[in-house]
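Trainee: need a structure here:
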Amino acid sequence: MKKVLYPGSFDPPTYGHMNVVSQATEIFDEVIIAVMKNQSKKEQLFSIDERVALLKEIYKNYQKVKVISGEGAAVDVALLKDCKTILRGLRTTTDFEYELQLATINRKLSDKQLSTVCLFPDNEVQHISSSVVKELSSLDKDISEYVPPVVKQKMMERK
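Mentor: Predicted coordinates:
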């Protein structure tokens, strides 16, 4: 069974994230979405448990997708879950430079047990980022085209 770990903060989950997951389900037998704490982001919109619950709701009818919370380094979570691959989404050239560094470090930390696969979101959702969605929401702009209804509802409740 080919399993892949898709780590991220997913704060909030967007259609961009979902597009990457959809593509990954065509390649892998199981996609494990790992909601991780992002140490570099001090302010979180949703707790890790809330993000896990949102993603579980979104993927409740998808046999190939599992949602977990992860602690520590993504490489350790991947190895713990018997994944040989880490999945990352790429939107821009800036993303590429950062992801290349991560892929190199993860490969070294895993003693070459892990590889990284990068997928590009479709053009229609490539511009979406969680930070932009949070900004638009804070300005009372419609975010319907960027996030699933369950996420939009939760964000409106948060206000």
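
Trainee: what ranges do the helices span in the protein?
Mentor: Using DSSP state H, the helices of the chain run over residues 15-25, 48-58, 74-80, 93-109, 130-138, 149-158.

Trainee: packing partners of the first one?
Mentor: What it means is helix 15-25. Judged by 3 or more C-beta pairs under 8 Å, 6 or more residues apart in numbering; DSSP states H and E, the packing partners of helix 15-25 are strand 3-8, strand 30-36, strand 85-89, strand 115-119. To be clear about C-beta, it is placed using only N, CA and C from the backbone, and glycine gets the same treatment.

Trainee: okay, now the unreliable bits of the protein?
Mentor: Scanning the chain for pLDDT under 70 picks out 38-42.

Trainee: just send the helices of the chain back as JSON lines, with mean neighbour count and distance to Leu5 too.
Mentor: As requested, these are exported to JSON lines (neighbours: other C-beta atoms under 10 Å; distance: least, C-beta to C-beta, whole Å):
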{"stretch": "helix 15-25", "mean neighbour count": "21", "distance to Leu5": "10"}
{"stretch": "helix 48-58", "mean neighbour count": "18", "distance to Leu5": "14"}
{"stretch": "helix 74-80", "mean neighbour count": "19", "distance to Leu5": "4"}
{"stretch": "helix 93-109", "mean neighbour count": "13", "distance to Leu5": "10"}
{"stretch": "helix 130-138", "mean neighbour count": "16", "distance to Leu5": "19"}
{"stretch": "helix 149-158", "mean neighbour count": "15", "distance to Leu5": "22"}
